[in-house]
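Chemist: Sequence plus predicted model, see below.
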Amino acid sequence: MKALIAVKSTERRDALYALLESLGIDVIHQASDAETSRRTVNEQDPALILTDFNLSSAVPAANPAAIIVLVADRVEAAQARAAGATHVFIEGTPVSQIVDAINALMNFNNRQE
């Protein structure tokens with residue numbers, strides 16, 4: 001499974017990279033801005049996109065990838081879902097819940113192949 005991490009914060013990108021790497025997921029790119037995020041989605045077609053609310057608008061809603069958005073509050077969560085995010089996690093969500101969602105997506109994708 002190819003993944004894109006599109007998060008402004010360097011610390012969060014690094015943490016998400018380590019998380020995905022520990023799950024055996026190939027991180028094809030780490031983006032910190034909207035243009036790079038958009039270009040990577042269009043050129044690389046990742047199966048998984050982890051993004052923060054700030055960059056979620058750069059991810060095309062028509063992209064068939066599973067989009068996981070990390071948000072700060074419930075207002076942002078509602079906006080992310082309305083924009084097409086498949087999974088939305090509010091800041092402070094236990095990492096285990098994010099891992100469970102990623103594992104479920106990986107299992108779903110493996111059954112589709």
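Modeler: Arrived safely, thanks for sending.
Chemist: Can you mark which positions in the host helix or strand of Gln79 are buried?
Modeler: Using DSSP states H and E, Gln79 falls within helix 74-82. The neighbour-count check on helix 74-82 (16 or more other Cβ atoms under 10 Å) flags Glu76, Ala77, Gln79, Ala80 as buried. (Each C-beta comes from the backbone N, C-alpha and C, glycine too.)
Chemist: Of those residues, just say which sits nearest to Ile49.
Modeler: Ala80 (11.9 Å; Cβ to Cβ).
Chemist: Mind telling me what element the closest residue to Thr40 other than its chain neighbours is part of?
Modeler: The spatially closest residue to Thr40, leaving aside those adjacent along the chain, is His29, at 4.5 Å (Cβ to Cβ, 6 or more residues apart in numbering). Taking DSSP H and E as the definition, His29 sits inside strand 26-31.
Chemist: Work out the gap between that strand and the centre of the chain.
Modeler: The chain centre lies 10 Å from the centre of strand 26-31; the measure is Cα atoms, centre = their mean, to the nearest Å.
Chemist: can you check stretch 97-109 too?
Modeler: Per Cα atoms, centre = their mean, the centroid offset for stretch 97-109 relative to its chain is 12 Å.
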